[in-house]
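S.K.: requesting a structural model of the entry that follows:
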Amino acid sequence: MNLRHIQFLRLVIEKGSFAAAAGAAGVTQTAITLAMQALEHELGFALFYKEGRRKLATDQALALARTGQQVDNAVKELRTARGAKSTQGGQSTLRVGMAPAAGLLYGATIFQAVHLGPNPPIVRIVAASATEMLEQLKQHSLDLVIAPTPRKFKTEGLSRHVMYVAQPVICARKGHPLAGAQSLEEIAGAGWVVTGPPGTPGNLVEEALRVRKLPLPRIEAMCQDFRMLLRLVAGTDLLCVIPHQILVCADEHTAIQPLQICEALPRYEVCLHFAEGGRVEGSPLALVIAALLASRS
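M.R.: Residues are numbered from 1 along each chain as shown. Presented below is the predicted three-dimensional model:
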């Protein structure tokens, strides 16, 4: 069961509506709706019932939300205990969340920076959706995050610095029937593989088609790993969007090609996020932040 979905359920109950829950979570209302549908499908019972024009939580939903809160509290206690144990053991851990391209661009910079100081920590790099990583940053489960800032995500308490602007391109296998396409309209009916749900940077094609009032993309595959995504594109007629050329290795360059589409895809900023006031001068986190800011492109 996806604990993030249970967190969304608690927000819906607390805030009184899907829209208010989406605002509090920094996600789209569609994401909340899909999460509730997934929970209902998995559990086999309704989470809400209608009373007039309002949707109210069922008794089962209220019980699930209470259990979710208990699980969250237990996880926080375990993380606190783990942090204390790590400190007592002598070697600390720097916890970094990064989008795939950011990891390739800045992973070495982070590692080299922490080794400038005494007693360098273990660098633990994690990857998840931008929303999930930023929520973990707010909960102090991560020390910094390099990822796009999701629309409507509330960044109170976080410092945010632009690292680069992603300039995504549409790619297909070489020899694809649509390889010569020059407009979004020509490829609107194609099958796509994406790395994120609707309304996220991993599904930029949806936004690009919607803005031009074209049919929404036919999503046939979804995966988080760009290596897998590129292999799918190289061996099928699926199209994809690549947010940064660094994600395409030499072998894949020979198998796929960018399409020369005249319309530009939406660009978005990839940012360094960390807690305001969280830096201690000379600490590994401070050294990493300084090195990252100095390396901005």
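
S.K.: contacts only, for residue 244.
M.R.: 101, 104, 105, 166, 167, 168 (Cβ atoms under 8 Å, 6 or more residues apart in numbering). Where you see a C-beta, it was placed from the backbone N, CA and C, and this is true even at glycine.

S.K.: and the fourth one, how far from residue 260?
M.R.: The span separating residue 166 from residue 260 equals 19 Å under the rule Cβ to Cβ, to the nearest Å.

S.K.: okay, these two: which has more neighbours?
M.R.: When residue 166 and residue 260 are compared for neighbours, residue 166 comes out ahead with 20 against 12, by other Cβ atoms under 10 Å.

S.K.: poorly predicted segments of this structure, please.
M.R.: 1-2, 72-91, 198-202, 278-280, 297 (pLDDT under 70).

S.K.: and the residue lying farthest from the centre of it, backbone torsions?
M.R.: Relative to the C-alpha centroid of the chain, counting by Cα atoms, centre = their mean, residue 52 is the outermost residue, at 36.1 Å. Note on residue 52: its backbone torsions stand at phi 70, psi -120 [degrees, to the nearest 10].

S.K.: the chain should start at 48 in everything you say after this.
M.R.: New numbering, starting at 48: the last item is residue 99.

S.K.: can you give me the helices for the chain?
M.R.: With DSSP state H applied, the chain shows helices at 50-62, 65-72, 76-90, 106-136, 147-161, 177-185, 231-234, 251-258, 273-282, 297-300, 331-341, listed in chain order.

S.K.: CSV for those, including distance to residue 202?
M.R.: Output for the helices of the chain, formatted as CSV (distance: least, Cβ to Cβ, whole Å):
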stretch, distance to residue 202
helix 50-62, 17
helix 65-72, 13
helix 76-90, 18
helix 106-136, 21
helix 147-161, 17
helix 177-185, 8
helix 231-234, 31
helix 251-258, 21
helix 273-282, 26
helix 297-300, 34
helix 331-341, 16
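
S.K.: CSV for those helices, including mean neighbour count and distance to residue 288?
M.R.: Formatted as CSV, those follow (neighbours: other Cβ atoms under 10 Å; distance: least, Cβ to Cβ, whole Å):
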stretch, mean neighbour count, distance to residue 288
helix 50-62, 19, 24
helix 65-72, 19, 24
helix 76-90, 16, 19
helix 106-136, 13, 34
helix 147-161, 19, 12
helix 177-185, 22, 16
helix 231-234, 17, 11
helix 251-258, 18, 5
helix 273-282, 18, 9
helix 297-300, 12, 15
helix 331-341, 18, 25
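
S.K.: can you tell me which of the ones you listed comes nearest to residue 289?
M.R.: Checking the helices of the chain against residue 289 by Cβ to Cβ gives helix 273-282 as the closest, at 7.6 Å.
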